[in-house]
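Enquirer: here are the coordinates; sequence isn't available:
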């Protein structure tokens, strides 16, 4: 893989060029300890050491509300709606790239979701090696500390003003070269990047699963009737915050709106959440997951088993966002999986 | 990079050609495909029906597959926004559909066998597609036994049709209601009470059942008591289907997507899933 060395002083020029063709998003501090990817503007300070963006990157490829179909009530003609703005996500941490890769597999498999695919194709992902680990994160223990694909460029900070940039796609390389010839990384720079990765990995490993993450589906298959589900879920507010902030939660509802003359309208998808009370309720008010316990357990089974059985990865990338977002303090995959492990350890 | 323009979310127009009231709340709707082609569905599949400005909902197809006829039927209980708007339509009106979607009853497996059809409540609606397909090829199947259970006599649907089937001798019909009124002369009790009364050849009988969620575990238990193996039992399960494509997550039964893995399942394949029955 080609790797270039880029200096901080080159960035404003590159950002400026990119922002002419793309909507460019960069990590920024909103307030103490609170970060997000925001539209870049000149002189915006980049939060290189952000721990986690409070919003995940899914909103860029699957917005909270997204038009799918336009219709005419008079003729019953309908047409597909595709929106795919050209955008660059700069500074995405590897666990979030992994989450995007997972969405790719799930949305492209079976009946390919063209709305998603188009948005994803128009999105340039510039990954960034984290410098700080969020207190609630455990990505190093769920196989999400590094990614081999899914990015156009991968940036690693190797000094106060220098980065190595691994090329993941021709498109990424072209963007990087927009301001003139590129400087191939020296062996020393590459060693610097390796050390930077090792340093953050050591930090990240301090918080994690007490077992190999690949055991999770097997663990869960023994835990359907665990008292843990009730213990935690009895505090659940069914607010769906965990679903909202989760980078791999993609369940959606389909709704529509007509204009004030009831002639034309748009059908769109909106984010939905399996923790919401009505998620599995059908006409006639029969609810297939009536209790908080049913819904809470379903979410952990989806993260720990159902997604794994489909694509061979955990449906949780260990970002820890749900841990921070949960008002009741019960959303915590790390704690849940570790406690289930303790509960069943005698069976191993 | 993909540049395909096809979107599976776009419905196509069909025209309502006939509307027949079946009970106070249930109506049969016959549609004709505007594209001039047969729907090409299999018994047990469903369509997602759109009334623009109101919404989209899944409905089982009630008519048997038709090779040349471009009409198809659904029968719907008026219970929510989409079904309410649907009931307000008159022939000539258009709706949108996507599909047919989902799995179907494995009719080829049923060839040469007896088939017990267990229809609880509105369950007769999708099972009708299977039954009339089998009647068209009557010689290829053994006995056809239809069990129909309804809450009270007023809610019975397709009453004349079912009476005609019984008279024809092609189908052995057993019927019951939970809450009889003064007009009811037949069996009384939930549908489960019909099974002990039936004389079945368990090794040679396949079962197809559709009914309210509560029904399945009891009817399956009765079938097992009769000695019918799990792999001979087929159920069609209702869940909240939205996208019909296995994406939106609403219709999951554990890790299964009812809209693509189902709605028709062999009982063997779902026995182990806690959320199924």
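Expert: Looks like it came in fine. As the structure is a computational prediction, the values presented were derived from the model and not from experiment. Residues are numbered from 1 along each chain as shown, chains lettered A, B, ... in the order given.

Enquirer: List, one by one, the residues from the stretch 201-348 of chain A near chain B.
Expert: A:224, A:250-256, A:258, A:262, A:265, A:267, A:269, A:272, A:274, A:279-284, A:286, A:288-289, A:298, A:301-302, A:305-306, A:309-310 (Cβ under 8 Å from any Cβ of the partner chain). All C-beta spots, glycine's among them, are computed from the backbone N, C-alpha and C.

Enquirer: just the stretch 1-150 of chain A next, same as before
Expert: So far as Cβ under 8 Å from any Cβ goes, the stretch 1-150 of chain A lies against chain B at A:68-69, A:71-73, A:76-80, A:82, A:106-107, A:110-115, A:117, A:121.

Enquirer: re earlier: weed out the non-buried ones from the residues of the stretch 201-348 of chain A next to chain B.
Expert: Buried members of those, counted by 16 or more other Cβ atoms under 10 Å in any protein chain shown: A:250-254, A:256, A:258, A:265, A:267, A:269, A:272, A:274, A:279-283, A:288-289, A:298, A:301-302, A:305-306.

Enquirer: got a list of contacts for the longest strand seen in chain B?
Expert: Across chain B, the longest stretch assigned as strand under DSSP state E is strand B:12-21. With Cβ atoms under 8 Å, 6 or more residues apart in numbering or on different chains as the test, strand B:12-21 has contacts from A:76-78, B:27-35, B:71, B:89-98.

Enquirer: Kindly report the same for stretch A:139-151.
Expert: A:92-95, A:97-101, A:104, A:125-127, A:168-169, A:172, A:197, A:201, A:204-205, A:207-209, A:213-214, A:313-314, A:316-320, A:334.

Enquirer: Filter those residues down to the ones in helices?
Expert: In helices, defined here by DSSP state H, the members of the contacts of stretch A:139-151 are A:94-95, A:97-101, A:104, A:172, A:197, A:201, A:204, A:334.

Enquirer: For the stretch 1-150 of chain A, which residue gets nearest to chain B?
Expert: residue A:80 (3.4 Å; Cβ to the nearest Cβ).

Enquirer: Which parts of the chain belong to which domain?
Expert: No chain in the question, so chain A it is. A:3-62+A:83-204, A:213-251+A:273-347 (automatic domain parsing).

Enquirer: Let me rephrase: I mean chain B.
Expert: Domains of chain B are assigned by automatic domain parsing as B:12-101, B:107-236.

Enquirer: What average pLDDT does the last one get?
Expert: Averaging the model's pLDDT scores along domain B:107-236 yields 97.

Enquirer: Contacts (any at all) between chain A and that domain?
Expert: Yes: against chain A, domain B:107-236 shows contacts by Cβ under 8 Å from any Cβ at B:212-213.

Enquirer: Start and end of that domain, how far apart?
Expert: Taking Cα to Cα, to the nearest Å, domain B:107-236 runs 14 Å from one end to the other.

Enquirer: try the shortest one
Expert: Across domain B:12-101, the terminal residues are separated by 14 Å (Cα to Cα).

Enquirer: Return the distance of it from the chain's centre.
Expert: Domain B:12-101 sits 13 Å away from the centroid of its parent chain (Cα atoms, centre = their mean, to the nearest Å).

Enquirer: so what's residue B:270 up against?
Expert: Residue B:270 makes contacts with B:235, B:237, B:253, B:256, B:276-277, as judged by Cβ under 8 Å, 6+ apart.

Enquirer: ditto for residue A:57
Expert: Going by Cβ under 8 Å, 6+ apart, the list of residues near residue A:57 reads A:37, A:89, A:92, A:96, A:99-100, A:125, A:247.

Enquirer: so which two of the residues you listed are the farthest from each other?
Expert: A:37 and A:99 (13.6 Å; Cβ to Cβ).

Enquirer: Of the two, give the one with the bigger neighbour count.
Expert: Neighbour count, other Cβ atoms under 10 Å in any protein chain shown: between residue A:37 and residue A:99, residue A:99 has more, with 30 against 24.

Enquirer: which residue is nearest the middle of the chain?
Expert: In the absence of a named chain, this looks at chain A. residue A:247 (3.0 Å; Cα atoms, centre = their mean).

Enquirer: what's the pLDDT at that residue?
Expert: So residue A:247 comes in at 98 (pLDDT).

Enquirer: Tell me the secondary structure of it, please.
Expert: coil (DSSP: H, G, I helix; E, B strand; the rest coil).
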